[in-house]
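1. Sequence isn't available, so here's the structure alone:
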């Protein structure tokens with residue numbers, strides 16, 4: 001029986017709500033456990049297929065902004081964030 005991802009609560013401190021990063025982290029951990037050489041790429045490919053390129057990119061940008069805000073590193077993301085259209 002395949003394990004299903006939880007869609008409520010948190011995973012490693014990340015929200016499992018859509019766009020919170022928790023679902024991505026779970027999928028990445030699952031891909032790593034399956035032996036993927038680049039689990040982040042596997043999770044991104046699945047996310048892009050499920051949500052479409054535009055919506056997935058929007059969620060990724062929001063997650064990067066949130067992480068930068070948390071780490072107070074907004075200067076590193078400046079130009080990259082300005083190029084993405086919402």
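-> That came through, no problem. Source: prediction; values computed, not measured.
2. Low-confidence stretches in the chain?
-> Applying pLDDT under 70 to the chain picks out residues 1-17, 19, 70-86.
3. Please repeat the previous calculation with a cut-off of 90.
-> 1-30, 40, 43-44, 46-47, 51, 56-86 (pLDDT under 90).
4. all strands of it, in order?
-> Per DSSP state E, the chain carries strands over the ranges 10-11, 14-15.
5. The protein: helices as residue ranges?
-> 22-33, 39-51, 53-71, 74-83 (DSSP state H).
6. Residue 32 and residue 41 touch, don't they?
-> No. Using Cβ atoms under 8 Å, residue 32 is not in contact with residue 41, being 11.3 Å away. No exception for glycine: its C-beta is placed from N, CA and C like everyone else's.
7. Between those two, which is the more surrounded one?
-> Higher neighbour count among residue 32 and residue 41: residue 32, with 15 against 12, using other Cβ atoms under 10 Å.
8. Apart from its neighbours in sequence, what residue is nearest that one?
-> Leaving out its chain neighbours, the residue that sits closest to residue 32 by Cβ to Cβ, 6 or more residues apart in numbering is residue 39, at 4.1 Å.
9. any idea how far residue 68 is from that neighbour?
-> Residue 39 sits 22 Å away from residue 68, taking Cβ to Cβ, to the nearest Å as the criterion.
10. Same check on residue 40?
-> From residue 40 to residue 68 the distance is 18 Å (Cβ to Cβ).
11. just residue 61 next, same as before
-> Distance from residue 61 to residue 68, by Cβ to Cβ: 10 Å.
12. hang on, residue 29 packs against residue 39?
-> Yes. Residue 29 is within contact range of residue 39, at 7.4 Å (criterion: Cβ under 8 Å).
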